[in-house]
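Novice: Here is my input; please provide its structure:
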Amino acid sequence: MVEILDFLAARTDRLRVSEVRDLLRWITADVISFGGGLPDPTTFPTDKEIQGIFEFVQSVRSKAFQYGLTEGVPELREEIVNFSKKNGIRADIDQVLITTGSQQALEILARIFINQRDVIVVELPTYVAAIQAFSLYRPNYIGIPMDEDGLRTDLLEEELKNLKKKGIQPKFLYTIPTCQNPAGLSMSIDRRRHLLELASQFDFFIVEDDPYSHILFEPIQFKRLKTMDHEGRVIYISTFSKIFAPGLRVGWVIADKDIIRYMSLAKQGMDLCTSPFSQYVALYALRSGIIERKLPMISKLYKRKRDLMLKELETHLQDYAKWTKPIGGMFIFVWLLKQIDTKRMLLKAIKKYKIAYVPGRSFFVDGTGWNTMRLNFTYPSEEQIEEGVRRLARAIKDELKEL
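Specialist: Okay, the predicted model is just below:
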């Protein structure tokens, strides 16, 4: 028998199963899951909308079923330019790259930017799949804490000064500034300005991951970092997964033309091109107004679910935990009493109480977060949210008795 370990590349020791994905194998029909970052299926296209989609795809079938350009379907890139302009982001078609979900964009950026031991700055906590994408290339992470106003740019400035004294320059800072995953926090305008000033002063890029800013529950004042970028330092990433359907697997990047050129070269070796079929579906969803019509409905639905989960947490967990109150997005982040290890508690919570969540440890690059968890409120029904929080409270109380 051939021993595969003798043949694997050294970097494969950095491959880790995502706890979010690993969780799925434990989920059965009787388990209420607050685990995955799944949209509510009722927001997906209706029968009438699907009929329109397929009629459109039929009209362009000679292109939809053929290989496409690595950069993406030109019509979709133009539509992304128009969509972005409504959101304050000005770009031309050469600054847009279509990717196979925003996750591929993260992998491409890691591939073209990160050398072993390069310094990458992330939030504490941060998106676990970004850590997966970056870690394969063996960077050194700097984690910067957040508070209710998002990334602590004052602490970031101190860290950057310390790094400069050592002759170390970060390659980029990765942030989800609006409705952050997993914390649900949003960065204040003043901190966004400060972050851009620091990027200019200390000469690094900012990767702005923006899946959730279209799903806001309150009329807040905010600006996407890309709209405030006057030096081409912000690499903007977004996706159709949260505003239309994750099964499409279509995302996009807006960045300086030279960055897009290198990203396109890297993408060629990955998949040649994102599925033209999926891209034409995305094009129709934008051009026909499906997305624009659905966004208010999605925000209203998710706000109702967020409010319900916050109410249930207050009722059942106020003596055992604290949590964020997100202004949008899909997640509430919870800190339990320090003696509780949420990863150790998980299997028992699933098997005994039929409730699932994502342990928070995997979102922290500094080894902390053992007493934290991420809760998704968009996928479960309102009845499941009520019952699920009650089950979660029982699991936590049971765990405390055993400590």
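Novice: buried set for the biggest helix by length in the chain?
Specialist: The longest helix of the chain (DSSP state H) is helix 290-317. Residues of helix 290-317 classed as buried by neighbour count (16 or more other C-beta atoms under 10 Å): 290-291, 294-295, 298-299, 301-303, 305-306, 308-310, 312-313, 316-317. Every C-beta, even on glycine, is put in place using the N, C-alpha and C of the backbone.
Novice: can you give me the helices for this protein?
Specialist: Using DSSP H, the helices of the chain run over 19-23, 47-59, 61-64, 74-86, 101-113, 128-135, 153-165, 189-202, 257-271, 276-287, 290-317, 342-353, 382-402.
Novice: Which among those is found nearest to Thr12?
Specialist: Closest to Thr12 of the helices of the chain is helix 128-135 (C-beta to C-beta; 11.3 Å).
Novice: The nearest residue to Ala91 once chain neighbours are set aside bridge partners, please.
Specialist: Spatially, and ignoring its direct neighbours in sequence, Ala91 is nearest to Ile254 (4.9 Å; C-beta to C-beta, 6 or more residues apart in numbering). Using DSSP bridges, the bridge partners assigned to Ile254 are Val96, Tyr236.
Novice: before we move on, what about Glu123?
Specialist: Beta-bridge partners, per DSSP bridges, of Glu123: Ile144.
Novice: per-domain residue ranges of this structure.
Specialist: With domains defined by automatic domain parsing, the chain comprises 4-45+294-402, 60-291.
Novice: closest to Ala183 out of the helices of the chain?
Specialist: So among the helices of the chain, helix 128-135 is nearest, using C-beta to C-beta, at 12.1 Å.
Novice: can you redo the domains of the chain as a markdown table with distance to Gln51?
Specialist: As requested, the domains of the chain are exported to a markdown table (distance: least, C-beta to C-beta, whole Å):
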| stretch | distance to Gln51 |
| --- | --- |
| domain 4-45+294-402 | 9 |
| domain 60-291 | 11 |
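Novice: ranking those domains by burial, who's on top?
Specialist: Mean neighbour count, computed with mean count of other C-beta atoms under 10 Å, is highest for domain 60-291 among the domains of the chain, reaching a mean of 19.
Novice: Go ahead and confirm the residue nearest to Ala91 touches Asp94.
Specialist: No. In this structure, Ile254 is not within contact of Asp94 by C-beta atoms under 8 Å, at 10.6 Å.
Novice: remind me which residues of this structure are low pLDDT?
Specialist: Low-confidence regions of the chain, defined by pLDDT under 70, span residues 1-2, 15-27.
Novice: again, only using 80
Specialist: Applying pLDDT under 80 to the chain flags residues 1-28, 403.
Novice: Any idea how far apart the tips of stretch 84-96 sit?
Specialist: Criterion C-alpha to C-alpha, to the nearest Å; first-to-last residue distance in stretch 84-96 is 10 Å.
Novice: OK, contacts around Ile176?
Specialist: By C-beta atoms under 8 Å, 6 or more residues apart in numbering, the contact set of Ile176 is 123, 126-127, 208-212.
Novice: Distance check, it against Glu78.
Specialist: Ile176 is 27 Å from Glu78, where distance means C-beta to C-beta, to the nearest Å.
Novice: Thr175 now?
Specialist: Thr175 is 28 Å from Glu78, by C-beta to C-beta.
Novice: for Gly251, same thing?
Specialist: Taking C-beta to C-beta, one finds Gly251 at 17 Å from Glu78.
Novice: now Leu225
Specialist: From Leu225 across to Glu78, the span is 23 Å (C-beta to C-beta).
Novice: repeat for Asp40
Specialist: Using C-beta to C-beta, Asp40 is found at 30 Å from Glu78.
Novice: ok, now Leu216?
Specialist: Applying C-beta to C-beta to Leu216 and Glu78 gives a distance of 26 Å.
Novice: what does Gly369 give?
Specialist: Distance from Gly369 to Glu78, by C-beta to C-beta: 42 Å.
Novice: dump the residue contacts of the residue nearest to Leu69 when sequence neighbours are not counted.
Specialist: Excluding the flanking residues, the one nearest Leu69 by C-beta to C-beta, 6+ apart is Cys273, at 6.2 Å. For Cys273, the contact set (C-beta under 8 Å, 6+ apart) comprises 67-70, 72, 267.
Novice: between the contacts of Ile176, which is closest to Arg390?
Specialist: Tyr212 (27.3 Å).
Novice: and that closest one, what does it touch?
Specialist: Contacts here follow C-beta under 8 Å, 6+ apart; on that basis Tyr212 touches 176, 178-179, 181, 242, 328-330.
Novice: can you check Leu295 too?
Specialist: Counting by C-beta under 8 Å, 6+ apart, Leu295 touches 214-215, 243.
Novice: All good on my end, thank you.
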